[in-house]
Structure formats: structure tokens, C-alpha cells
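Participant: predicted model and sequence below, questions to follow.
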Amino acid sequence: MKLITAIIKPFKQDDVREALSEIGIAGVTATEVKGFGRQKGHTELYRGAEYVVDFLPKVKLEIAVPAVLVDQAIEAIVQSANTGKIGDGKIFVTALEQVIRIRTGETGEEAI
Amino acid sequence: MKNFLQNKKSVLFLSLALLPSIATAAELNQANTAWILTSTALVLFMTLPGLSLFYAGLVRSKNALSVLMQCFAITCLISIMWLAGMYSLIFTDGGAMQSFLGGLSKAFVPSMGTASLTGDIPETVFFMFQMTFAIITPALIVGGFAERMKFSSMLTFSGLWALLVYVPVCHWVWGGGWLAELGVKDFAGGIVIHVTAGISALVTALVLGNRKGFPTTAMPPHNMPMVVTGAGMLWVGWFGFNAGSALAADGSAGMAMLVTHISASAGALTWMVIEWLRFGKPSVLGIVTGMVAGLGTITPASGFVGPAGALVIGVTSGIVCFYAVQIVKRRFKIDDSLDVFPVHGVGGVVGSILTGVFAAESMGGLGLGGVTMLYQVGVQTLAVAVVAIWSALFSYLILKVLDKVMGLRVSEDEEVQGLDIILHEETGYHNL
């Protein structure tokens, strides 16, 4: 099992969710986050005063995935979240030791 | 107030407004009464919640409640002070001192009943209508010291300011004082409200000093939809402010409403176009700020000029106030946090002086009443200058005394945490 953490552009959230559903992934946790990478910040103007906004809004998706679906899930996210422009985000894949469904107590891939 | 002061002899004004025994001889006009009742509600609506929301949206989220609280508390404080003596000191005969200050015979308005009239409307309605102007003026100054002033000092300052700046200036212009005798024209408060508040906001910004981090740290508005909501309410409320100042439901009120609307639209579009040309995009904050500039600038002129004059005044306000903001904020780096001086102060000065020009019949106005344009512009300029100096001087003195007695600012740490939690133990927004 792997935990996929994807940082994406907020307006790509629905596309990614649909792409993940198509390959049979049933659960995603989304969080509104702020950050910067190579895209850096942007500027905003208020009454002519320019402000540099360092942290840009992004969406962080966390997805627990059975081993067999990991490559497909990554492919689905890369395809659906890609705009080709700087700032599309990152995907982190980490090992996932255990998953427990709170309602039934099921564990492992059964619980995903 | 303007009708009495500018269009009729001062003797008539005195008999109508100041001596109840004679005033009751006039007959109640129900149409006028209905309109001024409505206008009173509209002008209070400008402060609660119009200006409050406008300002609260412009500050950072950690200070949103503090600004709402300041406007609310000022409203309550000034209302009680108005009853206690402000109304009397402005609108009753001051005897030998009349040129400078009214008397105290109507403190707590002992003689005011349901039958008392001011002109042809109930005195209660006149009292309430005028009170709403006294409320919004110190509330406007909040924008100058937002996000850093102690609540206790803010409230004390506002009360003393109302007494030492608003009361005398309002008496000079609308209470039959020396500026009224000179024939100054201020229909709805370009001098009485916008010059006093604008200049004083600049002084508060200078005396308190910049917010921590200004101008290097970004301090963008935390809620632009709130700003636009408040701005829209200000526009609508301003019809009561300006058209209500006719103190009658007549053609003068209608013309005041028309020119108010034209100037607001022209100011807004002008600001929008300047931003579009200079920065590439027309901003929402830009268009609503231009609207406020247009409204503030037409205020003194609203009962005296025609639509063409209003158009020129509106466009002028957009240009002048836009550059005033750039100069104050970017060149002098003065943290008049919500731009009260460049928008209201500068707009008030420009509008009050242009009133002397565009009130002339030759300029499409309603007439100067027998004096030359040069004389009128001279009187307007003199009034603006004296009121500006008075406002600056007394604002400075009040602040300096309060600084010694109770301190003006919260500590740096408290400023970073935000006034909402530090001063009011509440927060505007909760997450989880």
C-alpha cells in the first residue's frame, strides 16, 4: 500500500477526482493549502500599491492506494492535472504501513 | 440646513430653527418630514453597516472585528453625546459667541416635544438627521489609524474630536456661525465632514506611525466582496446624505440626488480607466474607490450644481484622488491605512472649492445668489483652509495628550496577533 500525496492547481481538482474515479479509486482527502515552488509568487495591486504574494493557493490530495493501483493512479493524476505551465504541482509517494476502517475494524487493503 | 442658511436670510433661519416659540408657528409639512425620516435611516445605514463593512473588508482578517467594533461604538457614543449637548452647541443661539459656538439651552433637549418644529419638519427629525452626520464623521477617521490603535484611546479620541472639531466646524457652517455669515456653500458636508475627517485621519496616521511592516509587508484587503458590499451601501445611503440635505422633498433634493449619482459614476469610471491604462487591468477596489471619491467630492456641491458640473466634478475627483493615494502611500510612505485623506480629505477640498465655480449659473449651476464666482471661490478656499488647520491642530493636540495619559497604540506583539483577539477576545473567523 502507498500513500499518494499530490499538490495540484486548485482548478484541476475536479478533473483529478474524475480521473481517479475512472480507475476505481474510491476515496480522496482534499485540503486547501498554500505554498511555493519554482513558480514563485505573484503580485497583486490594491489602489496602485503592489504586493508580492509569496504563497500561492494549491490543493493537496491524499490518496491511500493498493499496491496494484499505484502506477495507474500516478498516471491518472499526471494526465489530469497537467496544464504544461509552471506551477502544476508535485506528487509524493510514501509507504503506508497500515489502514484501518474505523466502522468495522477491517485492516490492510480491505480497509482502503 | 442648507436651505435655511444659504437661500434665505439668516434672520429667517434664526426664527425658524432656533426659537421654538416662533418655529411652532410654521406648519408641519408631511412630505418633507417623510423624506427626512427616510434620509435619516439612509445616512445611519451608511455607517451601519455600509462604512463598517467597507472598512472591515479592507483590513486583514485578524482586525476585521476591531474595525466593525470601532464604527459601532462610535455610533453609540456620538448619539449620547449628541443628546447631551452636541446638538445644542451646534444648532442653538450662542448669544455673544454665536459666530463661533452655539449655546447649551438644548442640552438634553428639555423643550423638544412631538410638536416642536425646525422649519417645517419636526425638530425630532432634524435632530436625528443631523446626528447621523455627526456619527459618520469620526467613523470615517477610523480608516486612518486602523489595525493599531487601542480601543480605549480610539473611543476617547473620537469623543473629544467630536466635541473639539466637529461641533465648532459644524456650527460655523450649518449653525449660523461665521463661515455661514460669509456665505460659504457646503450643501451636505464637504467641509464639515470630509475635510475634517480626511485631515484628521492623516494626522492620526502621522502621530500613531505606520503599522508594523508597512510599506514592505503585504497588507491586502482580507475580504473584497465585503468591501464591495459596503461600497454599494454607501452609494445608496449617500442619496439620503445629499438629497436629504435639501431638508425638503422637492426639486432641490431631486437635483442633489441626480448630481450625486452622476459624480459617483464618473469618479468610478475615471479611476477604473486610469488603473486600466497604468497597470493593465481594471480592479474592483479601483472602481469602488473612485465611486467613494466621486461621492465625497460632489457632497459640498450637490445642492448647487447641475448635471454638467457634476460630471466635471466626478471626473476630476477620480483623477485627483487616484494620484493623491499614490503620493501619500508610495512617495511619502504615510500609512493612512484605508486612504481616508487622499480620498475623503482631498475629495472634500477639491469639491468644496469647485462648488464656488460650478454653482454659478454660467457653469450650469443653480446660482451664486448675487456674489461673484471669484468671491465665492475665495470664501470656499478660506473655509477649507481654516477648517483644515483647525482639524489638524486639535486632532494633534488630542492625540498628544492621550498618548501621555493612556498611550495610543497596542504593543508590537499585540499588533502582530491582531486587535480582534487582543482587544476584544473574539475572532471574526473560525476554522474548525
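Facilitator: Ah, there it is.

Participant: what residues does chain A have near chain B?
Facilitator: A:E44, A:L45, A:Y46, A:R47, A:G48, A:A49, A:Y51, A:V52, A:V53 (CB under 8 Å from any CB of the partner chain). Quick note: C-beta positions are derived from backbone N, CA and C, even for glycine.

Participant: dump the residues you listed to a markdown table, plus pLDDT, distance to B:L423 and neighbour count.
Facilitator: Converted to a markdown table, those look like this (pLDDT from 0 to 100; distance: CB to CB, whole Å; neighbours: other CB atoms under 10 Å in any protein chain shown):
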| residue | pLDDT | distance to B:L423 | neighbour count |
| --- | --- | --- | --- |
| A:E44 | 84 | 28 | 15 |
| A:L45 | 84 | 31 | 17 |
| A:Y46 | 86 | 25 | 20 |
| A:R47 | 86 | 26 | 22 |
| A:G48 | 79 | 30 | 21 |
| A:A49 | 78 | 26 | 17 |
| A:Y51 | 80 | 26 | 16 |
| A:V52 | 80 | 30 | 12 |
| A:V53 | 81 | 28 | 15 |
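
Participant: closest one of these to B:V305?
Facilitator: The nearest member of the residues of chain A next to chain B to B:V305, counting by CB to CB, is A:R47 at 27.3 Å.

Participant: so that closest one makes contact with B:G286?
Facilitator: Yes. Using CB atoms under 8 Å, A:R47 makes contact with B:G286 at a distance of 6.9 Å.

Participant: counting neighbours, what do you get for the closest residue to chain A within the stretch 1-150 of chain B?
Facilitator: In the stretch 1-150 of chain B, the residue that lies nearest chain A is B:L58 (8.6 Å; CB to the nearest CB). For B:L58, the count of nearby residues is 29 (other CB atoms under 10 Å in any protein chain shown).

Participant: tell me which stretches of the chain form strands.
Facilitator: You didn't say which chain, so I picked chain A. For chain A, applying DSSP state E gives strands covering A:2-8, A:29-35, A:42-46, A:49-53, A:56-65, A:89-95.

Participant: if you could check chain B rather than the one you did, that'd help
Facilitator: B:117-118, B:121-122.

Participant: deepest in the core, which of these is it.
Facilitator: strand B:117-118 (a mean of 24; mean count of other CB atoms under 10 Å in any protein chain shown).

Participant: and the strands of chain A as TSV, adding distance to B:P307?
Facilitator: Converted to TSV, the strands of chain A look like this (distance: least, CB to CB, whole Å):
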stretch	distance to B:P307
strand A:2-8	53
strand A:29-35	49
strand A:42-46	32
strand A:49-53	34
strand A:56-65	45
strand A:89-95	55
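
Participant: can you flag the weakest of those by average pLDDT?
Facilitator: Lowest mean pLDDT of those: strand A:49-53, a mean of 79.

Participant: still on that earlier bit, in JSON lines, list the strands of chain B along with distance to chain A and mean pLDDT.
Facilitator: Output for the strands of chain B, formatted as JSON lines (distance: least, CB to the nearest CB, whole Å; pLDDT from 0 to 100):
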{"stretch": "strand B:117-118", "distance to chain A": "40", "mean pLDDT": "96"}
{"stretch": "strand B:121-122", "distance to chain A": "40", "mean pLDDT": "98"}
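
Participant: which one of these lies closest to A:G37?
Facilitator: Judging the strands of chain B by CB to CB, what sits closest to A:G37 is strand B:121-122, at 65.7 Å.

Participant: listing partners with orientation, what would you give for that closest one?
Facilitator: strand B:117-118 (antiparallel) (DSSP bridges).

Participant: how far is the strand it pairs with from where the chain is centred?
Facilitator: 24 Å (CA atoms, centre = their mean, to the nearest Å).

Participant: cool, and stretch B:227-247?
Facilitator: The answer for stretch B:227-247 is 11 Å, by CA atoms, centre = their mean.

Participant: so is that stretch next to chain A?
Facilitator: No. Figure legend: stretch B:227-247 not in contact with chain A (CB under 8 Å from any CB); closest approach 10.0 Å.

Participant: also stretch B:322-335?
Facilitator: Yes. Under the criterion of CB under 8 Å from any CB, chain A is reached by stretch B:322-335 at B:F322, B:V325, B:Q326, B:K329, B:R330.

Participant: ok, now how distant is A:I102 from chain B?
Facilitator: 19 Å (CB to the nearest CB, to the nearest Å).

Participant: any idea how many residues pack against that residue?
Facilitator: Neighbours around A:I102, by other CB under 10 Å: 7.

Participant: before we move on, the earlier item: for the residue of the stretch 1-150 of chain B closest to chain A, list the residues it contacts.
Facilitator: B:G143, B:A146, B:P221, B:V227, B:S337, B:L338 (CB atoms under 8 Å, 6 or more residues apart in numbering or on different chains).

Participant: ok so, going back, got a winner among the residues of stretch B:322-335 next to chain A for most neighbours?
Facilitator: B:F322 (27 neighbours).

Participant: check contacts around it.
Facilitator: When contacts are counted by CB under 8 Å, 6+ apart, B:F322 touches A:G48, B:T270, B:W271, B:I274, B:E275, B:G290, B:A293.

Participant: closest to B:V259 out of those residues?
Facilitator: Looking across these and measuring by CB to CB, the closest to B:V259 is B:A293, at 14.9 Å.

Participant: what's the neighbour count on residue 96?
Facilitator: Chain wasn't specified; assuming chain A. For A:L96, using other CB under 10 Å, the count is 17.

Participant: ah, I was thinking of chain B
Facilitator: 6.

Participant: for stretch B:128-137, what is the average pLDDT?
Facilitator: The pLDDT scores in stretch B:128-137 average 98.

Participant: let me fix that: stretch B:53-71
Facilitator: Here the average pLDDT along stretch B:53-71 is 98.

Participant: which non-adjacent residue is nearest the residue of the stretch 1-150 of chain B closest to chain A?
Facilitator: With CB to CB, 6 or more residues apart in numbering or on different chains as the criterion, B:L58 has its nearest non-adjacent residue at 4.6 Å, and that residue is B:P221.

Participant: pick out the residue in chain A sitting closest to chain B.
Facilitator: A:Y51 (3.6 Å).

Participant: could you dump the strands of chain B to TSV with distance to A:L61?
Facilitator: Below are those laid out as TSV (distance: least, CB to CB, whole Å):
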stretch	distance to A:L61
strand B:117-118	67
strand B:121-122	65
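
Participant: my guess is B:R60 contacts B:A146, does it?
Facilitator: No. Using CB under 8 Å as the test, B:R60 is too far from B:A146 to be in contact (9.6 Å).

Participant: got the residues of the stretch 251-400 of chain B near chain A?
Facilitator: Taking CB under 8 Å from any CB as the criterion, the stretch 251-400 of chain B approaches chain A at residues B:275, B:278-279, B:281, B:283, B:285-286, B:289, B:322, B:325-326, B:329-330, B:339.

Participant: out of the residues you listed, which one has the weakest pLDDT?
Facilitator: Minimum confidence in those sits at B:R330, scoring 87.

Participant: check the gap between B:S265 and chain A for me.
Facilitator: To chain A, B:S265 is 19 Å away according to CB to the nearest CB.

Participant: picking that back up, the residue nearest to B:L58 contacts B:V228, doesn't it?
Facilitator: No. Using CB under 8 Å, B:P221 is not in contact with B:V228; the gap is 10.1 Å.

Participant: quick one: contacts for the closest residue in space to B:A246 that isn't next to it in sequence?
Facilitator: Leaving out its chain neighbours, the residue that sits closest to B:A246 by CB to CB, 6+ apart is B:A253, at 3.8 Å. By CB under 8 Å, 6+ apart, B:A253 lies in contact with B:W35, B:A243, B:G244, B:A246.

Participant: low-confidence stretches in chain B?
Facilitator: Residue ranges of chain B with pLDDT under 70: B:1-25, B:432.

Participant: in it, which residue sits nearest chain A?
Facilitator: Closest point on chain B to chain A, by CB to the nearest CB, is B:A218, at 3.6 Å.

Participant: now do the contacts for that residue.
Facilitator: A:E44, A:Y51, A:V52, A:V53.
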